[in-house]
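In: Sequence and predicted structure, then a few things I'm wondering about:
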Amino acid sequence: MCSSSIKLSLIGLVLVAVACGDDPTYEFGFNTTGIEFELFDPTEGVHPSKVTLNNPRNPFREFGVSDDTKFAILGDGGNAGAFYAWAAVLAKIPIGENQFFTAVKLRDLYESNEVAEEDRETVRRMAVDGFQAVLDCFPESLLFDASGTVPQRFATLAYNQILDLGGVVQGDWVVVEDSLGNPTAVRSTGVDPLDRDFKCR
């Protein structure tokens, strides 16, 4: 039987990863799976809003979250805990990856009914807005596979998520086939909208 543990200091919060073989489990310095989502502001988790850093329900608002930690929480931290972690990271480091996975957690909260019934439509709209922000503000961001060699555009993933959530993609985005025959979201005009800088700052 093998075991190992890695302790990562998170300014008073501790993430302990215990792995045996290929089956890691995670324990956090506080119970992220016990965090419940509560609607605070409809712009939370949607760039350029930083309102999550003022949300008293967000336990990550005052702490740094490393790349390793944010992905551990994404997989094992519960939907609300992962949303708050990724929203805090997005507010501090606005990049396409952080916006996309923050929107994913909003989608998961909506689809799993982890929000008050009266807030479900607002949370669905927040998820759509989060995916739209990927298109508006981070259109060239790439997601790489495990080997780091096969990139996929977050824009294509975000485009499809908007449609899956019953939203309407804003702007001149269309899906075409790339040189390998893969569906890819691109702007039909190939020109950034004039208000992009205003929208994303």
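Out: Happy to help now that I have it. Residues are numbered from 1 along each chain as shown.
In: if you average pLDDT over stretch 145-163, what comes out?
Out: On average, the pLDDT along stretch 145-163 is 87.
In: just use 407 as the starting number from now, easier for me
Out: Happy to do that; since the first residue is 407 now, the last one works out to stretch 551-569.
In: so how far is it off the chain centroid?
Out: How far stretch 551-569 lies from its chain's middle: 13 Å, per C-alpha atoms, centre = their mean, to the nearest Å.
In: got the buried residues for it?
Out: Neighbour counts over stretch 551-569 (16 or more other C-beta atoms under 10 Å) mark 559-565, 567-568 as buried. (C-beta placed from N, C-alpha, C; glycine too.)
In: Quick one: low-confidence residue ranges for this structure.
Out: The model of the chain has pLDDT under 70 over residues 407-436, 552-556, 596-604.
In: Helices of that one, start to end?
Out: Taking DSSP state H, the helices of the chain run over residues 473-482, 485-498, 502-517, 526-543, 560-570, 602-605.
In: Tell me how many other residues surround the nearest residue to V534 once chain neighbours are set aside.
Out: Once flanking residues are discounted, V534 sits nearest to G573: 3.7 Å by C-beta to C-beta, 6 or more residues apart in numbering. As a burial measure, G573 scores 16 neighbours (other C-beta atoms under 10 Å).
In: residues touching G573, list them.
Out: Going by C-beta atoms under 8 Å, 6 or more residues apart in numbering, G573 touches 531, 534, 537-538.
In: Highest neighbour count among these?
Out: When neighbours are taken as other C-beta under 10 Å, the top entry among the contacts of G573 is F537 (31 neighbours).
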